[in-house]
Every structure is written in C-alpha cells, then in structure tokens.
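> Below: sequence and its predicted model.
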Amino acid sequence: MRVALLTHEPFFPPSGGGSAEALYLVRELVRRGHGVTVFAPGSEVPENLAGTGRVRLVPFTAWRMGRRTRWRTLKYLLYPGALTRLVQRAAVRERFDVLVAQHAIACVAAGRLKRPLRVPVVMNFLDHLTGFMETWPAWLMPPPVLAVLKRYELSLPRRYGADAVLTVSEPLAERFAATGYPRERLRPIFYGYDAARFLFDPARVAARGQAPPTVVMHGSFDHHHLGPIALETLARVHAARPEVVFEFIGPDTPAWRRFARQVRARGLGATVRHVGFVPYETVAERLGAGTVGLVPYEESAGTHCAFVAKVVEYLALGLPVASTALEGIRRYFAAEPLVKFTAFDGAALGGAVQAWLAEPAEARARLAAPAARRVREALDWGVVCGRAADAIEIAQQRAAAEGITR
C-alpha cells in the first residue's frame, strides 16, 4: 500500500522528543514492502531509506517550523491548514491508501482530508500536547482558553471518524475512549528507543561506583521539565551530598534560562552543569557516564499521559531512575525495581535520588542488566513500530472491506 505520513516536525534528522519515532516507523513500513510519502517541514530522507526507492519527501517550505523557531505557537496553529493544502495538491498526482498523522497538529490535517480524499486515517498521538500547557504561566496560556484546546484535541478522533488511533500510553487511550471514541480502535503502542545506539555496557555500570556521583537529565527543557520540583530536588540533594553534580543535557530554552536563574539565586550554581543540545546519536554516551537518571516533571494531564522517553533510555543503559509518579510510566514500570517513583514534591524526589546514591554500587549493578534486557525486548523501536504498522495495516484493510476507500 501507499502510505502518506503527515508530521509537523522535520523527518530527518529528528529534532528531539517524539520526532524520532517517524523515522523508525517509516523503516518498518518499508521493510514490509509499503511505499511512504512523507509530508514534513523541510528536511531530508536518510540514504538507507532513499536508496530503497520506496520513500518520497514532500517538504513544507512556506515558513520555518521547529521547536525553537520564533512565533512557534502561531505557526503550529496555522500549520494544519497549510499541510492540508499540501497533501491535497500531491493527491492529484499520487494515490494514497492510508493517511498516518504523527502528533495532534498533523492529526487535524489528516482528519480534514479523510472525507475529500476518501482515504482511511490513522492518528498517532505521541503525547497529549495541550495537556502539557497546564504548567505554562497563566499569562501565556489562560486557563479558559486551555480548557477549550484540551477538549478539542481529545475530540479529534471522534470528530473526524479516525479509523484507528495509536497512543503513547494507556492513560491517553482512556481519555480518548472517554470522549466516546470506540475502545476497540485504540491501540497503545508506547514509546521506544534505538537499542543499537543505547547499548548496555557492564563496564560502564561498574565504573559508576568509582566516579564522583552525577545525576543526569536530558530533554527539550520546556516548562513542565524544569519547575519547582526540579529546583527543590537540587537543593535537597546538595544539602545532604554537596559533592553531587547535576548534568542537564538539552537546549538553551526560555524555561532553562529561568531555571538557571533560580538555581543561581539559591546558591546552587556550582552544582549544575549544562551541556546544551546533544544529537540523538550521542545522547547515550553522555547518559552512560551518569549515576542516576532524573525525571522531575511537574504534574499535568500532559505529563500523566506521556510515556517519557528518558526513562526508557536510562533503563536501557542500566541507569537507576528517580521520577515523579507520572501515571503513564508508573503503570508500565510498576514492577521495575530500577525505578523509584515519588510524589510530585521536590523533597520526596530528592530523597529518592539520595536513596539511589546511598545504595551500594554492587546492588545497583545487579538490577541494571535485567532492566536493560526488559526494555530491549519490549521497547526497541523495531518492536514498537511493529505494533504501529500492524494497526495501520488492519485499519486500511478494514476500510477497504467496508468500501470507504476510493
């Protein structure tokens, strides 16, 4: 079949977060013999995919898109309409058997295209986008406006009659089901990692007991990543263990700059090391040198529905994890001994970090290899995207049997 993949993020190289999944999903679809046309902001197709002759890129070039571009929110609001027109023009020359939309922004465009193109639509929600905005300052996102946006996002599958919906977590699937969307067409696929890049190294695990302790965190550094919980965690750990260094791997965002100012105001500047943005292929090397992986997310509908990639990557490297009790990952990793979940409180999270640091290195090492094996078997991108590709094929076959395709 011919698949149209719609996304609001560059296809390659990935820009971080959920953008990484599109590349691996296309690889899996091509492996199964399908052709894919990618509609994405200006990017490229990697050589190994371009050489198959099964992947074509239709770049969006009307304006620059990206997580760190100016006027990002306005551009995101305008993008679905522009993306709809881009796909419609391409559909005059090329027939598609199914539309697959990555993230809520592209799902709006795919939903609008379902009826005029008479093509089944699969919506892949890698997060609850507007749910993250609960942690934004009220002046930036007024609560009444946010309530409308959240209802609209969760209504998308039912509003447009999506043929299947993939979700990053069980809690997000449940929120869509609560709107009346059929539960049997919902498929949690979770979120993966590249096991070939995040290789488990017993020697590095053993070395963590010898080096000065380092607590690591990487991410896009938005408001929900770096709030009061993260600040209080630093303060609590520093008071008990002043030798501990906190290493933050991610871009220099407004949220990071605000956090850095608060850190300095609390006299904790010497505790923090900011590495800056690191390409996906080198993240594992930085994380592998850490002692504990940190997830200090603030509480919101968005974070509860997330399946935080950094937890998967920490575990893949055998890194102990201290995390706030985000519903999606807490449910999935409830029986994982290498993760400590705490209340949404800096004192509690700081206590979890201290507990890991107090644990003998040998005890942490015994837990590392089994944890790495479990995530490799269940959450490598090949496994995750296999679940997604299954759902896409079933949706297209069902639509064809029902005679709704053109």
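Perfect, I can see it now.
> The stretch 301-406 of the chain: helices as residue ranges?
Listed in chain order, the helices of the stretch 301-406 of the chain (DSSP state H, counting those that start in this stretch) span residues 301-305, 309-316, 327-332, 346-358, 361-379, 381-401.
> Would you mind getting the angle between the helix or strand of the chain at the bottom of the mean pLDDT ranking and helix 309-316?
Each helix and strand of the chain was given a mean pLDDT (mean pLDDT, DSSP states H and E); the minimum falls on helix 280-288 at a mean of 86. Using axes from the mean of the first three to the mean of the last three C-alpha atoms, to 10 degrees, one finds that helix 280-288 and helix 309-316 are set 60 degrees apart in direction.
> Packing partners of helix 280-288?
Using 3 or more C-beta pairs under 8 Å, 6 or more residues apart in numbering; DSSP states H and E, the elements in contact with helix 280-288 are strand 214-218, strand 245-249, helix 309-316. Bear in mind the C-beta positions are built from the backbone N, C-alpha and C, glycine included.
> partners of the second one, with directions?
Strand partners for strand 245-249, identified by DSSP bridges, are recorded as strand 214-218 (parallel), strand 272-274 (parallel).
> Show me the shaky parts of this protein.
Screening the chain residue by residue with the criterion pLDDT under 70, one finds the ranges 16-17, 404-406.
> The stretch 101-250 of the chain: helices as residue ranges?
For the stretch 101-250 of the chain, applying DSSP H, counting those that start in this stretch gives helices covering 103-117, 143-160, 170-178, 202-207, 228-240.
> Need the helices and strands packed on helix 280-288 in a markdown table (columns: distance to residue 357).
Supplementary listing: these in a markdown table, determined by distance: least, C-beta to C-beta, whole Å:
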| stretch | distance to residue 357 |
| --- | --- |
| strand 214-218 | 8 |
| strand 245-249 | 12 |
| helix 309-316 | 15 |
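> Arrange the ones you listed in JSON lines, one row each, with mean neighbour count as further columns.
Shown next, in JSON lines, are the helices and strands packed on helix 280-288 (neighbours: other C-beta atoms under 10 Å):
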{"stretch": "strand 214-218", "mean neighbour count": "23"}
{"stretch": "strand 245-249", "mean neighbour count": "20"}
{"stretch": "helix 309-316", "mean neighbour count": "26"}
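> Looking at the ones you listed, spot the one closest to residue 231.
For residue 231, the closest of the helices and strands packed on helix 280-288 is strand 245-249, at 10.7 Å, according to C-beta to C-beta.
> Output the closest one as CSV, nothing but the C-alphas.
Taking only C-alpha atoms (Å, rounded to 0.1, in the frame of the first residue of the first chain), the coordinates of strand 245-249 have been written out as CSV:
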residue,chain,number,x,y,z
VAL,A,245,26.8,17.2,40.2
PHE,A,246,23.6,17.6,38.2
GLU,A,247,24.2,17.5,34.5
PHE,A,248,21.5,18.8,32.2
ILE,A,249,21.6,17.8,28.5
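> returning to that earlier point: out of the helices of the stretch 101-250 of the chain, flag the one nearest residue 287.
Counting by C-beta to C-beta, residue 287 lies closest to helix 202-207 out of those; the figure is 10.0 Å.
> got the buried residues for the closest one?
204-205 (16 or more other C-beta atoms under 10 Å).
> How far does that helix sit from its chain's centre?
Centroid separation for helix 202-207 versus its chain: 28 Å, with C-alpha atoms, centre = their mean, to the nearest Å.
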